[in-house]
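# No sequence on hand, only this structure:
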């Protein structure tokens, strides 16, 4: 039986009400996540081309696979890392909404908006079909489709909150979307000249095809300020699709529960909410940013807090990735990810020609 979806407010309250012994068990993992966030920040500051969140997840993967450290990750650090991966991800997604203004999205015009939405939907459906055709287990097809079409690891975290996927089952999709987004930082600038794209077109292509916001910045800035500005607005428009896509998944999940439970309301089985509260929080933050009721200093602080929360969550998720096991058991998932990456890059390239 599935339990109710956790919310950011509920997450904070649950952490505060945890028994002292359980909180003590989680402290080492939380401290490790905090230390990793600091190291990731230092790496990003020293080498700006490496996105902050990418550095965090890669540190998590290293921690899970280096002799000595991996023992601690699977032992004393695990409770805190699990908490970080699940709770901090949802809190970070809520604050992500403060990066989006509906006014900026509307300024793109209906034609550009329709192209971006089309790219997202076609990538989502194409990846979902690929994942099912390759017989990926569990929710992997859905999570890969969400991550590659919308906004990488953050979107996977949001979707897994609706489907109640165990955080360990999100490891492969997050590892693969991070891998492809990292490869894009080097691959896409190398293709700018051969494809005959000017700076603005290149920025649009990057924004429409690269997954994580940090990876978009790292890729687009190689072509200058105009490319970066265009990439960010297109990318944030894709992020806006997170709410309707997750809400749609929640509706499908409710219908599935009703069919499976044969009238779940009467049997005491709790159905997933139509709109998870952390997604409602994300939408509320978008409205607040659009209305302009928050001063710039608050937006700046919230942006920093959001990055720190997502970095801690991604370190916790990365610390679940066993590279040897991933390579041995996830060959089909790797194929699906590479095909999905090629699909969104091709769709975005075609779409750019009409913007």
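Ah, there it is. Nothing here was measured: the structure is a model prediction, and the numbers come from that model.

# Tell me how many other residues crowd residue 304.
11 (other C-beta atoms under 10 Å). Any C-beta I mention is one placed from the backbone N, CA and C, and that applies to glycine too.

# That should have said residue 141, apologies.
22.

# And for residue 137?
If you count neighbours by other C-beta under 10 Å, residue 137 ends up with 13.

# try residue 187
With other C-beta under 10 Å as criterion, residue 187 counts 13.

# For it, what is the enclosing helix or strand?
Here residue 187 sits within helix 171-192, counting by DSSP states H and E.

# go on, residue 146?
helix 140-146.

# Next up, phi/psi of residue 320, please.
phi -100, psi 0 (degrees, to the nearest 10).

# That should have said residue 100, apologies.
phi -110, psi 130.

# Which of the three states applies to residue 205?
Three-state call for residue 205 (DSSP: H, G, I helix; E, B strand; the rest coil): helix.

# Would you mind confirming that it makes contact with residue 198?
No - Residue 205 is beyond contact range of residue 198, at 10.5 Å (criterion: C-beta atoms under 8 Å).

# Buried residues of the helix holding residue 146, list them for me.
140, 141, 142, 143, 144, 145, 146 (16 or more other C-beta atoms under 10 Å).

# quick one, the helix or strand just after it and helix 171-192 angle?
Using DSSP H and E, the next helix or strand after helix 140-146 towards the C-terminus is helix 152-163. Helix 152-163 and helix 171-192 meet at an angle of 150 degrees, taking axes from the mean of the first three to the mean of the last three C-alpha atoms, to 10 degrees as the criterion.

# Just the endpoints, please. Distance across stretch 73-85?
Start and end residues of stretch 73-85 are separated by 13 Å (C-alpha to C-alpha, to the nearest Å).

# And the helix holding residue 146, how far out from the chain middle?
11 Å (C-alpha atoms, centre = their mean, to the nearest Å).

# cool, stretch 293-312 as well?
Using C-alpha atoms, centre = their mean, the offset of stretch 293-312 from its chain centre is 17 Å.

# which stretches of this structure have low pLDDT?
Under the criterion pLDDT under 70, the flagged ranges of the chain are 1-23, 257, 259-274, 329.

# What residues of the longest helix seen in the chain count as buried?
Using DSSP state H, we find that the single longest helix of the chain is helix 20-46. For helix 20-46, a neighbour-count test (16+ other C-beta under 10 Å) marks 23, 25-26, 28-30, 32-34, 36-37, 40-41, 43-44 as buried.

# now for it, which elements pack on it?
helix 52-65, helix 78-83, helix 296-318 (3 or more C-beta pairs under 8 Å, 6 or more residues apart in numbering; DSSP states H and E).

# sorry, back to before: which elements pack onto the helix holding residue 146?
helix 110-133, helix 152-163, helix 171-192, helix 242-261, helix 331-352.

# And for it, what's in contact with it?
123-128, 130-132, 136, 155-156, 158-160, 163, 165, 169-170, 172-173, 176-177, 245-246, 249, 333, 336-337, 340 (C-beta atoms under 8 Å, 6 or more residues apart in numbering).

# Would you show me how to pick out the buried ones of these in PyMOL?
The PyMOL selection below is limited to those of the contacts of helix 140-146 classed as buried (16+ other C-beta under 10 Å):
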select buried, resi 123+124+126+127+128+130+131+136+155+156+158+159+160+163+165+169+170+172+173+176+177+245+246+249+333+336+337+340
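
# what does the helix or strand residue 325 falls within contact?
Here residue 325, judged by DSSP H and E, is contained in helix 323-329. With C-beta under 8 Å, 6+ apart as the test, helix 323-329 has contacts from 61, 64, 65, 171, 172, 175.

# how about a cut-off of 10 Å?
The contact list for helix 323-329, computed with C-beta atoms under 10 Å, 6 or more residues apart in numbering, reads 61, 62, 64, 65, 137, 171, 172, 175, 176, 322, 333, 334.

# what two of these are the furthest from one another?
Maximum pairwise distance among those (C-beta to C-beta): 25.7 Å, between 62 and 137.

# hang on, the earlier thing: need the winner for burial among the helices and strands packed on helix 140-146.
Comparing the helices and strands packed on helix 140-146 by mean neighbour count (mean count of other C-beta atoms under 10 Å), helix 152-163 ranks first with a mean of 27.

# what angle separates that helix from helix 242-261?
Using the same axes, to 10 degrees: helix 152-163 against helix 242-261 is 30 degrees.

# quick check, distance from helix 152-163 to the centre of its chain.
That offset, for helix 152-163, works out to 6 Å (C-alpha atoms, centre = their mean).

# Dump the helices and strands packed on helix 20-46 into CSV; add distance to residue 222 as well.
CSV is the format used below for those (distance: least, C-beta to C-beta, whole Å):
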stretch, distance to residue 222
helix 52-65, 16
helix 78-83, 34
helix 296-318, 21
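
# Let me know which of those is the nearest to residue 183.
Closest among those, once you apply C-beta to C-beta, is helix 52-65, at 10.9 Å.

# so what secondary structure elements neighbour the closest one?
With contacts taken as 3 or more C-beta pairs under 10 Å, 6 or more residues apart in numbering; DSSP states H and E, helix 52-65 sits against helix 20-46, helix 69-74, helix 78-83, helix 152-163, helix 171-192, helix 213-220, helix 296-318, helix 323-329.

# any idea of the angle the fourth one forms with helix 213-220?
Orientation note: helix 152-163 sits at an angle of 160 degrees relative to helix 213-220 (the same axes, to 10 degrees).

# quick check: angle from helix 152-163 to helix 296-318?
80 degrees.
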